[in-house]
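>>> this one's structure only:
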């Protein structure tokens with residue numbers, strides 16, 4: 001059952017300690033607002049945060065707490081009020097288990113969620129627009145084992161829902177629906193036909209114009225397993241799939257599509273390091289922009305920027321990111337050395353990115369801008385001289401304001417199942 005979240009007396013001491021930790025860690029250039037005192041998310045669910053302007057001006061986002069609670073919340077841009085609602089009380093302590101958020105045409109929210117490599121993908125719809133306190137019955141979108149991540153889309157011209165996830169085959173998988181309740185049989189979307197092993201797992205990012213197109217950026221697999229992990233691109237329109245220059249490469253009735261038919265945005269064999277995709281957005285002309293990390297070694301991560309010019313893909317390096325961000329316990333080997341601090345595009349203006357990079361002994365949040373399509377960059381610090389991690393920044397989808405509005409995780413993080421981070425943002 002969906003329950004409203006409140007802090008019980010037995011959690012008071014833990015909450016108080018978290019407040020002290022956040023205050024101790026903070027040394028901000030910008031004013032910081034705490035959205036949740038306990039929370040984390042990974043970066044393969046989109047959108048993780050959305051800005052919605054109607055009766056209210058609010059940013060909505062989801063996370064999982066260090067106690068394993070699946071939550072959604074908002075921050076009101078006028079009042080600075082925050083509210084949290086618990087969707088699931090016992091949902092595993094794992095930052096892969098967070099919801100993605102779809103804003104329906106009537107400004108009602110619908111959330112999609114899974115556990116990490118466990119059964120089924122679920123959905124639930126709020127009963128009122130711009131409200132997170134009352135939700136309808138839980139929907140099972142697909143019954144299958146080993147499901148992870150979710151990327152929902154609604155195409156207004158098709159009047160059709162889509163949701164993409166990693167399926168039991170470890171491949172990008174999707175279903176469609178006309179009403180958001182009854183869903184089609186799942187189909188595998190991309191699969192390299194030359195690599196049949198179940199261990200090959202393409203990582204997918206999705207963005208849409210919300211009308212008639214869906215754009216995809218994806219990898220060969222996990223950079224831990226793929227020495228030459230490259231970045232690929234394709235888009236969907238009216239039942240068919242295309243490369244960026246409009247060459248048809250597939251049909252909805254003839255799936256999956258092999259990597260070899262798609263655009264190679266970044267070739268790891270030529271680029272000097274395996275890669276991992278972080279974000280995809282559309283510029284104001286509807287052309288795709290992709291942010292990713294290139295890793296010549298586990299301790300040398302670089303943030304990169306791929307832009308479709310209309311004729312070709314141009315890839316540039318934004319900045320050196322440092323090494324992995326998880327705080328590896330002394331005497332142990334880091335299990336996730338390809339976890340960069342994080343980068344996300346401003347989906348309203350992809351000439352801006354929010355990123356986390358290693359500065360001194362920790363990771364700081366910065367806003368980087370380009371005025372020449374990625375050839376050169378200027379940076380502005382959001383945090384500085386921090387005493388703890390600031391990682392996985394994101395700019396909410398749909399936000400068009402002039403104020404800097406960035407959300408990130410702050411605190412301590414050892415592993416995706418062991419974290420003591422809060423969710424904070426700046427609004428200035």
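Structure's in. What do you need? All values derive from a computational prediction rather than experimental measurement. Residues are numbered from 1 along each chain as shown.

>>> Residue 162: neighbour count?
Look at residue 162: counted by other C-beta atoms under 10 Å, it has 21 neighbours. (Each C-beta comes from the backbone N, C-alpha and C, glycine too.)

>>> ah, wrong one, I meant residue 382
23.

>>> where's it relative to residue 404, distance?
Separation of residue 382 from residue 404 (C-beta to C-beta, to the nearest Å) stands at 7 Å.

>>> How about residue 228?
Distance from residue 228 to residue 404, counting by C-beta to C-beta: 37 Å.

>>> same deal with residue 44?
Distance, residue 44 to residue 404, using C-beta to C-beta: 25 Å.

>>> The two: which is more packed in?
For residue 44 versus residue 404, neighbours defined as other C-beta under 10 Å are more numerous around residue 44 (21 against 18).

>>> Residue 238 touches residue 211, doesn't it?
No - Residue 238 lies out of contact with residue 211 (C-beta atoms under 8 Å); the separation is 11.0 Å.

>>> which residue ranges form the strands in the stretch 51-200 of the chain?
57-64, 70-76, 82-88, 100-103, 109-113, 121-125, 139-142, 148-155, 160-166, 172-177, 187-188 (DSSP state E, counting those that start in this stretch).

>>> for the stretch 1-150 of the chain, which spans come out with low pLDDT?
Within the stretch 1-150 of the chain, the stretches falling below the threshold (pLDDT under 70) are 1-30.

>>> Which parts of it are helices?
12-25 (DSSP state H, counting those that start in this stretch).

>>> Quote the end-to-end distance of stretch 125-134.
Taking C-alpha to C-alpha, to the nearest Å, the first and last residues of stretch 125-134 lie 9 Å apart.

>>> so how many other residues sit close to the residue nearest to residue 201 when sequence neighbours are not counted?
Counting by C-beta to C-beta, 6 or more residues apart in numbering, residue 201 lies nearest to residue 170, which is 4.0 Å off, once chain neighbours are set aside. Residue 170: 20 surrounding residues under other C-beta under 10 Å.

>>> Then the one 10 residues further on?
When neighbours are defined as other C-beta under 10 Å, residue 180 has 18 of them.

>>> Please report how far residue 109 lies from residue 269.
Going from residue 109 to residue 269 by C-beta to C-beta gives 43 Å.

>>> buried set for stretch 72-92?
Neighbour-count burial for stretch 72-92, counted by 16 or more other C-beta atoms under 10 Å, picks out 72-75, 77, 82-88, 91.

>>> what's the most distant pair in the residues you listed?
Using C-beta to C-beta, the buried residues of stretch 72-92 span at most 28.3 Å, a distance reached by 77 and 91.

>>> Quick check, residue 283 in contact with residue 289.
Yes - using C-beta under 8 Å, residue 283 is in contact with residue 289, at 5.7 Å.

>>> Please identify every residue contacting each of the two.
Jointly contacting residue 283 and residue 289 under the rule C-beta atoms under 8 Å, 6 or more residues apart in numbering are 307, 350.

>>> Between these two, which is the more surrounded one?
Set side by side, residue 283 and residue 289 show more neighbours around residue 289, with 24 against 17, by other C-beta under 10 Å.

>>> For the more buried one, give me its contacts.
By C-beta under 8 Å, 6+ apart, the residues touching residue 289 are 280-283, 305-308, 345, 350.

>>> who's it bridged to?
For residue 289, the beta-bridge partners are residue 281, residue 307 (DSSP bridges).

>>> picking up where we left off before, looking at residue 109 and residue 269, which has the bigger crowd around it?
residue 109 (24 against 10).

>>> That one and residue 58: what is the separation?
Using C-beta to C-beta, one obtains 10 Å as the distance from residue 109 to residue 58.

>>> between these two, what contacts are shared?
Here residue 109 and residue 58 share the contacting residues residue 52, scored by C-beta under 8 Å, 6+ apart.

>>> Most neighbours among the contacts of residue 289, please name it.
Going by other C-beta under 10 Å, residue 280 tops the contacts of residue 289 with 27 neighbours.

>>> wouldn't that one be in contact with residue 215 here?
Yes - counting by C-beta under 8 Å, residue 280 touches residue 215, with 6.0 Å between them.
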